[in-house]
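Asker: need coordinates for the below:
(one chain, ligands or ions: 2)
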Amino acid sequence: MPEIPPPQTEIRSATTAHMSCRPDPLQEPVAIVIFGATGDLTSRKLFPALFSLFAGEVLPQRLAIIGVGRSSWSDAAFREHMHNQVAGNASYSAAAWETLAPRLRYIQQEYTGDYAPLAQRLEEIDAELGLEGNRLFYLAVPPTVYIPIADGLGASGLAAEDHGWSRFVVEKPFGRDLASAESLDASLHTHFAEHQIFRIDHYLAKETVQNILMLRFANTIFEPVWNRRYVDSVQILAAESIGVGHRAGYYDSFGVLRDMFQNHMMQLLSLCAMEPPSHFEADRVRDEKTKIYRSLRPFHPQRVQSDLVLGQYAAGEIDGAAVPAYRTERGVAKDSQTPTFAAMRLYIDNWRWQGVPFYLVSGKRLAAKRTEIRIQFKHVPYSLFRGVLSEDIAANSLVLGIQPREEVSLEFQTKSPGAKMCLRPVQMHFDYHHGTAGPVLEAYEKVLLDCLLGDQTLFWRQDGVELCWGFLDPILQGCENDPGKQPHLYTAGSWGPEAAEGFLPPWEKR
Ligand SMILES: NC(=O)C1=CN([C@@H]2O[C@H](COP(=O)(O)OP(=O)(O)OC[C@H]3O[C@@H](n4cnc5c(N)ncnc54)[C@H](OP(=O)(O)O)[C@@H]3O)[C@@H](O)[C@H]2O)C=CC1
Ligand SMILES: O=C1O[C@H](COP(=O)(O)O)[C@@H](O)[C@H](O)[C@H]1O
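Answerer: Ligands and ions are numbered 1, 2, ... in the order given. Prediction:
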């Protein structure tokens with residue numbers, strides 16, 4: 001008998017048109033001013049991304065990367081620290097470093113202090129390097145100092161756009177509830193106009209996340225079935241194997257709902273559920289996302305019990321290594337009730353999605369790092385193979401893999417070769433990296449590039465931020481005021497608490 005080929009079909013790239021996807025070199029001179037330059041985000045993400053863009057000849061030649069912080073670092077210490085962050089990277093080039101290093105400067109600054117000396121120093125660097133007054137202020141600092149920094153920049157004239165542009169980039173969290181998000185926004189708008197404010201969600205810069213809109217709206221075959229008639233459920237999973245690390249102080253007062261759901265999970269949800277915008281343009285795209293947030297069915301108190309499972313990791317093992325319980329992590333309260341896991345079933349009250357459950361699941365210290373979106377289609381309405389097939393016909397699913405592999409796979413049924421009518425589930429599989437002409441931009445490279453281009457398409461707009469807080473606030477209050485809603489413990493290295501099993505079946509096969 002001939003050997004049956006493996007049940008996997010690979011799709012190859014049909015064209016090399018994506019060659020033109022390499023970013024165009026930026027011409028406009030700029031000073032990139034990073035507040036919190038001595039911190040974790042700058043070291044691990046921002047500087048490596050900037051270095052990679054510079055080595056790839058995307059950043060302009062007339063450039064300064066200016067670290068700002070309370071620590072008394074010198075330019076030399078800043079350069080040495082940043083060099084250590086990139087020296088071992090694949091994109092490292094000694095020649096690029098030699099060219100970039102003189103463009104790195106450090107300025108000591110109290111965040112609540114007088115910003116006149118900072119403004120003066122920026123003027124001097126600007127004049128020295130010919131930066132034409134363009135400034136990107138990136139806040140890689142704890143959210144408690146967002147407002148003092150905005151105030152300082154405003155008071156010293158650095159928010160004004162009289163000579164060149166001035167942009168203000170903030171990391172999440174944008175507040176910790178609706179009221180604080182509104183008040184943060186009001187403070188920022190005292191000094192900056194909306195077109196100057198870039199609210200980052202680095203998930204939007206991940207390749208496969210951007211691909212959701214391309215897949216849906218650059219093809220005709222998916223959209224006709226992308227609705228309640230054919231879709232049984234949509235499952236959005238963002239699983240992490242890491243714990244809270246050095247961020248316990250922040251995390252223990254925020255928890256998974258504020259840390260992952262208010263932002264990344266809501267963005268993934270809206271990209272899957274939104275209507276096609278009339279144009280791929282920042283406000284048209286964000287208008288459609290906003291409509292989804294407005295259509296979220298509110299969580300009544302009973303639904304906090306039935307449609308939400310919270311968890312917190314207990315000690316366990318991941319990849320053969322022992323992992324401590326959340327409550328024993330440094331910086332976490334010994335009796336902490338902060339959830340590190342949540343599984344939520346929500347509904348979108350509009351014509352397209354009426355009755356279709358969306359399952360959102362995210363947690364730390366789970367069995368693996370995996371972010372994916374599964375569009376689970378309905379079963380065939382009627383089987384003409386009854387009595388012929390011994391097994392049930394599995395429903396189709398389309399899986400958009402975001403991490404660790406960026407891929408798309410469609411699962412469907414075929415006949416197994418042979419004399420009998422036997423089912424064979426197969427996958428059509430597209431690996432995002434297959435046939436790619438150039439390196440895929442890392443998320444922070446894309447974020448920084450778009451900030452420099454002034455393109456807000458992949459950034460939050462304040463109405464979306466507020467609508468998502470408006471949806472989550474009653475849930476958070478319901479959980480925090482209900483002693484019966486304490487998180488279920490789950491073993492680190494598992495797929496979450498047993499109580500969540502019904503939310504994203506079947507866990508073990510993932
Ligand atoms: N790290 C990450 O992976 C991610 C971080 N973020 C967000 O980015 C921002 C920065 O995060 P991260 O780099 O981890 O933060 P860090 O805790 O490393 O702090 C960054 C810098 O801010 C200054 N700083 C620290 N604590 C205080 C304080 N209480 N008051 C004033 N300044 C302080 C310090 O610089 P100095 O003392 O020199 O002034 C520090 O180096 C946060 O808003 C975070 O939520 C978002 C996504 C991922
Ligand atoms: O914003 C955050 O995201 C990370 C997960 O990001 P990823 O790109 O590694 O998936 C998460 O660990 C962190 O708690 C959260 O603040």
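Asker: check contacts around the residue of the chain found nearest ligand 2.
Answerer: Nearest residue of the chain to ligand 2 (C-beta to the nearest ligand atom) works out as D259 at 4.8 Å. Placement of C-beta: from N, CA and C, glycine included. The contact partners of D259, by C-beta atoms under 8 Å, 6 or more residues apart in numbering, come to P173, Y251.
Asker: helix/strand/coil for it?
Answerer: At D259 the chain is in helix, as set by DSSP: H, G, I helix; E, B strand; the rest coil.
Asker: could you report the pLDDT at it?
Answerer: Predicted confidence (pLDDT) for D259: 96.
Asker: kindly report the same for K420.
Answerer: 88.
Asker: same check on T16?
Answerer: pLDDT, T16: 47.
Asker: just the helices in the stretch 51-200 of the chain please.
Answerer: Using DSSP state H, counting those that start in this stretch, the helices of the stretch 51-200 of the chain run over residues 75-86, 94-100, 116-129, 146-155, 178-191.
Asker: for the protein, which residues are neighbours of ligand 1?
Answerer: Taking C-beta under 6 Å from any ligand atom as the measure of proximity, the chain contacts ligand 1 at 36, 38-41, 69-71, 111, 140-145, 171-172.
Asker: okay, and which of those map to strands?
Answerer: Among those, the ones falling in strands (DSSP state E) are G69.
Asker: from E182, how far off is the closest residue to G39 other than its chain neighbours?
Answerer: Residue nearest to G39 in three dimensions, not counting chain neighbours: A140, with 5.7 Å by C-beta to C-beta, 6 or more residues apart in numbering. Distance, A140 to E182, by C-beta to C-beta, to the nearest Å: 24 Å.
Asker: neighbour count: those two, which is higher?
Answerer: The neighbour comparison of A140 against E182 (other C-beta atoms under 10 Å) goes to A140, with 23 against 15.
Asker: from what I see, that one and V33 are in contact.
Answerer: No: counting by C-beta atoms under 8 Å, A140 sits too far from V33 to count as a contact (10.6 Å).
Asker: could I get the pLDDT score of the residue of the stretch 301-450 of the chain found nearest ligand 1?
Answerer: Per C-beta to the nearest ligand atom, Y444 is where the stretch 301-450 of the chain lies closest to ligand 1, at 9.4 Å. Turning to Y444, the model gives it a pLDDT of 95.
Asker: check the secondary structure at it for me.
Answerer: Following three-state DSSP, we place Y444 in the helix state.
Asker: how many neighbours does it have?
Answerer: Using other C-beta under 10 Å: Y444 sits among 21 other residues.
Asker: repeat for L384
Answerer: Burial of L384 is recorded as 8 neighbouring residues (other C-beta under 10 Å).
Asker: can you tell me the element L213 falls in?
Answerer: Using DSSP states H and E, L213 maps to helix 207-217.
Asker: scratch that, Y251
Answerer: Judged by DSSP H and E, Y251 forms part of helix 248-256.
Asker: same question for E317.
Answerer: strand 316-318.
Asker: show me which residues of the stretch 51-200 of the chain sit near ligand 2.
Answerer: Counting by C-beta under 6 Å from any ligand atom, no residue of the stretch 51-200 of the chain is near ligand 2.
Asker: mind pulling the model confidence for the residue nearest to G39?
Answerer: Reported pLDDT for A140: 96.
Asker: tell me the phi and psi of it?
Answerer: Per-residue torsions, A140: phi -100, psi 50 (degrees, to the nearest 10).
Asker: spit out the residues that contact A140 and V33 alike.
Answerer: Both A140 and V33 lack any common contact, where contact means C-beta under 8 Å, 6+ apart.
Asker: from M274, how far out is the closest residue to ligand 1 within the chain?
Answerer: Distances between the chain and ligand 1 by C-beta to the nearest ligand atom are smallest at G39, namely 2.4 Å. G39 is 34 Å from M274, where distance means C-beta to C-beta.
Asker: between these two, who's got more neighbours?
Answerer: When G39 and M274 are compared for neighbours, M274 comes out ahead with 24 against 18, by other C-beta under 10 Å.
Asker: I'd assumed E288 was in contact with that one.
Answerer: Yes: applying C-beta under 8 Å, one finds M274 in contact with E288, separated by 4.1 Å.
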